[in-house]
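Trainee: got a predicted structure plus its sequence, pasted below:
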Amino acid sequence: MEFSDEKLIRESLAGSAVAFEELMCRYQRLVFKIAFAYARNRDATLDLTQDVFVKVHRKLATFRMGSSFRVWVSRVAANEALNWLCRHRDHLPVDDLPPDRMPAAGAEQERRLMERERQRELFRRLAKLSRRQRLAVTLRYFEEMPIGELAVVLRCSEGTARNLLFRSLQKMRELKSPLTRVEEIR
Amino acid sequence: MKECRKIHAHIRNLAASQAPSALPEAMRQHMRQCAGCRELWQLHARLAEVDRDAEFPSDEEFAGMRRAVRQRIQARPRPAVRASFWRDLDRLLRAHPAVTAIMAVILLAGVFWLGRTTIPGTGVSGGEEWLLQDLQQHSGRIHDIRDMWDSPYVYSNVSFRTVAGGELEVGFDVTRHVSLKVQRDSSLLKGILIHALLDSSTMGHRLEAMEMTDVAADARVRQAVIYTLHHDPELAVRLKALEVIARGGPGPDVRAALLGTLRQDTSVQMRLRALEHLAAMETDGQAIREAIFSAGQASDPALWVRAQELRMN
């Protein structure tokens, strides 16, 4: 039997560690995705995810029952990620993607390398967006968050959220990484 | 440019919806010639198809993260030394039940001792030190409150006395407002209801308590309502008590209470209502007549007329 978020929140507030563990399991991937959009480094993102859940636990009493816990967690994660970014502004880690887990050979390896390179390029462009734009793209594309929920997280109307998403795409298109430029010159 | 705008609008909608990324043929044709639109479309498609799970840590890494969160949460409310103290104490008590019993005795004795001791200079007993601190904080908070009735504390039985050294000795009873949710059948609620029914300080509280009262639920509550019915100085409260009692059904104590009202109450309105309820309960006509004739109040014509209407005399 699966408990509702509200039930788990109430149990957590009453001091149940098991209930909070279940909440963490449910939302760890969401928090990680949001955190990764800012930290761009796997180890740093895991640390940031940890910070977010400590904050969530501390602020749990302020959650308004009846509203969406997913949206609330997203907002806490985005705020905490922004704070993290401010603290680490001077020594941000370089873009980092995890190494391939399975070695591959030949054409398959080449295809995978190309794919990874495209993904790197995508993340480089994403990193150059404003914080708000980055959050919008991350939640919409990586988390597949519906536009209504995204608007709640961004504290704006749905129309504004749509515009923000489209402007983010336009900005990403306009950003040319050095690699792309070299390719174009050739 | 017109085609570009169409494609931009299409991508804008796709980006905001969860519909699959598809393009009509006319738009495809335009994209073959327009690099800007093509790049925008490719970007959207790549984002929509990005390997979302590529960056996720393994289950073990997530478990490690959660373990670290738990440790930080546990460590936060108390310093690590205190946490380990409580852990050790818990282990000790679980291992040796006799130690638990001895500690419980010591604790009880300590509480008893604190209740009897006085902190020098304060005149407040040791067990109430927390109250003193709380009151001090509260005094600080309410400093700017104009309406002192907002205060969560109520002071009563206040006395002042000058003592040696120019200090004042202040004595008071203090109560604090408490708000909690309880079950309708809780014994705490019944006790509070009885107290409120018999509290003569405010009529509003008595009426409110009467509204909440279910005489069928508890004999002590019923007794309190009957007492209020016979002794409350306010007609409104007695009328309410009469309705509450009558709601309880035709039990012997309910009939006796209504007959008592018919016999003794100073208000004709009360006696009329009691008469009507007794008639509805099909009470013995002889008992009703005796009640009407007793105490010299039977001469009230309204009672006679009503009794005749009800065919009870």
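Mentor: That came through, no problem. Residues are numbered from 1 along each chain as shown, chains lettered A, B, ... in the order given.
Trainee: low-confidence ranges, chain A, go.
Mentor: Residues of chain A meeting the criterion pLDDT under 70: A:1, A:89-107, A:176-186.
Trainee: find the centremost residue of it, please.
Mentor: A:Ile34 (1.6 Å; Cα atoms, centre = their mean).
Trainee: which stretches of the stretch 1-150 of chain B have low pLDDT?
Mentor: B:1, B:18-22, B:50-55, B:76-96, B:99, B:110-150.
Trainee: which parts of it are helices?
Mentor: For the stretch 1-150 of chain B, the helices defined by DSSP state H, counting those that start in this stretch cover B:2-16, B:25-33, B:35-49, B:59-75, B:80-95, B:97-116, B:129-141.
Trainee: just chain A next, same as before
Mentor: A:5-13, A:17-39, A:42-59, A:69-87, A:106-127, A:131-137, A:147-154, A:158-174, A:178-185 (DSSP state H).
Trainee: could you count how many residues lie near B:Arg238?
Mentor: Around B:Arg238 there are 22 other residues, counting by other Cβ atoms under 10 Å in any protein chain shown. Heads up, the C-betas are built off the backbone N, CA and C, glycines and all.
Trainee: from B:Met31, how far out is the residue nearest to it when sequence neighbours are not counted?
Mentor: Spatial nearest neighbour of B:Arg238, excluding adjacent residues (Cβ to Cβ, 6 or more residues apart in numbering or on different chains): B:Asp232 at 5.1 Å. Separation of B:Asp232 from B:Met31 (Cβ to Cβ, to the nearest Å): 87 Å.
Trainee: one more: B:Leu197?
Mentor: 82 Å.
Trainee: what would the helices of chain A look like in CSV with distance to B:Asn13?
Mentor: Below are the helices of chain A laid out as CSV (distance: least, Cβ to Cβ, whole Å):
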stretch, distance to B:Asn13
helix A:5-13, 31
helix A:17-39, 23
helix A:42-59, 31
helix A:69-87, 22
helix A:106-127, 21
helix A:131-137, 15
helix A:147-154, 10
helix A:158-174, 8
helix A:178-185, 27
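Trainee: ok, which of these comes nearest B:Asp214?
Mentor: B:Asp214 lies closest to helix A:5-13 among the helices of chain A, at 29.2 Å (Cβ to Cβ).
Trainee: what's the burial count for residue 30?
Mentor: I went with chain A, as the question did not name one. Neighbours of A:Leu30 using other Cβ under 10 Å come to 19.
Trainee: you answered for a different chain; I wanted chain B.
Mentor: 18.
Trainee: which residues sit in contact with it?
Mentor: Going by Cβ atoms under 8 Å, 6 or more residues apart in numbering or on different chains, B:His30 touches B:Glu3, B:Cys4, B:Ile7, B:Cys37.
Trainee: contacts only, for the nearest residue to the last one once chain neighbours are set aside.
Mentor: Going back to what we said before, that points to B:Cys37. Nearest residue to B:Cys37 in three dimensions, chain neighbours excluded: B:Ile7, at 4.7 Å (Cβ to Cβ, 6+ apart). Taking Cβ under 8 Å, 6+ apart, we find B:Ile7 in contact with B:Met27, B:His30, B:Met31, B:Cys34, B:Cys37, B:Leu40, B:Trp41.
Trainee: which one of the helices of chain A lies closest to B:Gln308?
Mentor: helix A:5-13 (62.4 Å).
Trainee: follow-up on the earlier one: and the helices of chain A: which comes nearest B:Arg222?
Mentor: helix A:5-13 (36.6 Å).
Trainee: got the CA coordinates for that closest one in PDB?
Mentor: What follows is helix A:5-13, C-alpha atoms only, in PDB (Å, rounded to 0.1, in the frame of the first residue of the first chain):
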ATOM      1  CA  ASP A   5       2.600  12.500   0.300                       C
ATOM      2  CA  GLU A   6       0.500  14.200   2.900                       C
ATOM      3  CA  LYS A   7       0.400  11.200   5.100                       C
ATOM      4  CA  LEU A   8       4.200  10.800   4.900                       C
ATOM      5  CA  ILE A   9       4.600  14.500   5.600                       C
ATOM      6  CA  ARG A  10       2.400  14.300   8.700                       C
ATOM      7  CA  GLU A  11       4.300  11.200   9.900                       C
ATOM      8  CA  SER A  12       7.600  13.000   9.200                       C
ATOM      9  CA  LEU A  13       6.400  16.000  11.200                       C
END
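Trainee: and it, what does it pack against?
Mentor: helix A:17-39, helix A:69-87 (3 or more Cβ pairs under 8 Å, 6 or more residues apart in numbering or on different chains; DSSP states H and E).
Trainee: please see if the last one touches chain B.
Mentor: By that I understand helix A:69-87. No. If you take Cβ under 8 Å from any Cβ of the partner chain as the test, helix A:69-87 misses chain B, and the best it gets is 12.7 Å.
Trainee: could you check the angle helix A:42-59 makes with that helix?
Mentor: Orientation of helix A:69-87 against helix A:42-59 (axes from the mean of the first three to the mean of the last three Cα atoms, to 10 degrees) gives an angle of 120 degrees.
Trainee: excluding chain neighbours, what is closest to B:Leu272?
Mentor: B:Leu272's closest residue in space is B:Arg306 (Cβ to Cβ, 6+ apart), at 5.7 Å.
Trainee: quick one on the thing from earlier: just name the closest of the contacts of B:His30 to B:Gln286, please.
Mentor: Nearest member of the contacts of B:His30 to B:Gln286, counting by Cβ to Cβ, is B:Ile7, at 98.6 Å.
Trainee: find the closest residue to chain A in the stretch 51-200 of chain B.
Mentor: B:Val69 (4.4 Å; Cβ to the nearest Cβ).
Trainee: ok, of the contacts of B:Ile7, which one's closest to B:Ala241?
Mentor: Using Cβ to Cβ, the contacts of B:Ile7 come closest to B:Ala241 at B:Leu40, 78.4 Å.
Trainee: how far away is that closest one from B:Cys34?
Mentor: For B:Leu40 relative to B:Cys34 (Cβ to Cβ), the value is 9 Å.
Trainee: next one: B:Gln183
Mentor: Distance from B:Gln183 to B:Cys34, by Cβ to Cβ: 71 Å.
Trainee: just B:Ala68 next, same as before
Mentor: Where B:Cys34 is concerned, B:Ala68 sits at a distance of 51 Å (Cβ to Cβ).
Trainee: same check on B:Glu276?
Mentor: Distance from B:Glu276 to B:Cys34, by Cβ to Cβ: 91 Å.
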